[in-house]
Each structure stands twice: as C-alpha cells, then as structure tokens.
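**Student:** Starting from these lines, generate the structure:
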Amino acid sequence: QVRLQESGPGLVKPSQALSLTCTVSGGSITTNNYYWSWIRQPPGKGLEWIGYIDYSGTTNHSPSLESRTSISRDTSKNQFTLHMSAVTPEDTAVFYCARIRRDWAAYDYWGQGTQVAVSS
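**Tutor:** Just a heads-up that it's a prediction; the model follows:
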C-alpha cells in the first residue's frame, strides 16, 4: 500500500517562500512509470495541478505557476518537495501530493492534504 503524507507550514506571510514536502512510503519515487505531483484546491474552487517530478527526476509545471514553483526530491528519504516563491493570499489552499500512474494516465494515490494559509 502506497502512502503519501504532506508536511509544511500552515501559515505563511505574503511575499515569503513556501516549501511543502511529501513523504512517500510503500513505494519508491524512483520506480519507473510513476510521476509525483502537487495539486492544490483554493477555498470554494476546483483542483489545480501545480506540477510533477517523475521517476527520473524530470519536472513539469503548470504554465501559470512555472515562474514561481520548482519541485525537488530527496531519494534517500523518498520525499519530494514543492517550492513556491513570493506567495500571495491567492495561494491559500489545501495542497495535495499524489501519484500518477503513467500507463493509466491517472492518479492512483493521494495524500490527505495540508492546509496552507497566506496571511499577514
């Protein structure tokens, strides 16, 4: 059973940087066929894909967020991390990490989500 667990600050001030880490258990983030994603859901809105890092370490980001986001990984800890710069209150959301199974082109495992509020 694959499990994903998000961790990070619950409150960030505007203009600061945000880092969220997803710890994966039950499967390696370097296993072929899987992409490791970040998705968010602002209050009252739908899910928004942020980006992913794949099994080889290649990343891909939403064009609307690409200038402010990066995704890195620590294979020794089986973790991947979202970095977002210059946050604004519009970045307030529940952030999820999830796994995409490439051959299904679908998400198969999700974390429970972590709430991040951007406020002074």
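
**Student:** list the helices and strands the helix or strand of the chain with the lowest mean pLDDT packs on?
**Tutor:** When the helices and strands of the chain are scored by mean pLDDT, DSSP states H and E, strand 106-110 comes last with a mean of 95. Strand 106-110 sits against strand 3-7, strand 93-101, with contacts defined as 3 or more C-beta pairs under 8 Å, 6 or more residues apart in numbering; DSSP states H and E. Backbone N, C-alpha and C define where each C-beta goes, glycine included.

**Student:** mind running it again at 10 Å?
**Tutor:** Contacting strand 106-110 under the criterion 3 or more C-beta pairs under 10 Å, 6 or more residues apart in numbering; DSSP states H and E are the following elements: strand 3-7, strand 34-41, strand 93-101.

**Student:** Need the pLDDT of the residue nearest the centre of the chain.
**Tutor:** Nearest to the mean C-alpha position of the chain, by C-alpha atoms, centre = their mean, lies Trp38 at 2.6 Å. At Trp38, the model reports a pLDDT of 98.

**Student:** In a markdown table: the helices and strands packed on strand 106-110, plus distance to Ala17.
**Tutor:** A markdown table is the format used below for the helices and strands packed on strand 106-110 (distance: least, C-beta to C-beta, whole Å):
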| stretch | distance to Ala17 |
| --- | --- |
| strand 3-7 | 16 |
| strand 34-41 | 15 |
| strand 93-101 | 14 |
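
**Student:** Which of the ones you listed sits closest to Leu18?
**Tutor:** strand 93-101 (8.7 Å; C-beta to C-beta).

**Student:** Off-centre distance for the very next helix or strand once past the least confident helix or strand of the chain?
**Tutor:** Scanning forward in sequence from strand 106-110 by DSSP states H and E, the next helix or strand is strand 114-118. Averaged C-alpha coordinates place strand 114-118 at 13 Å from its chain's average position (C-alpha atoms, centre = their mean, to the nearest Å).
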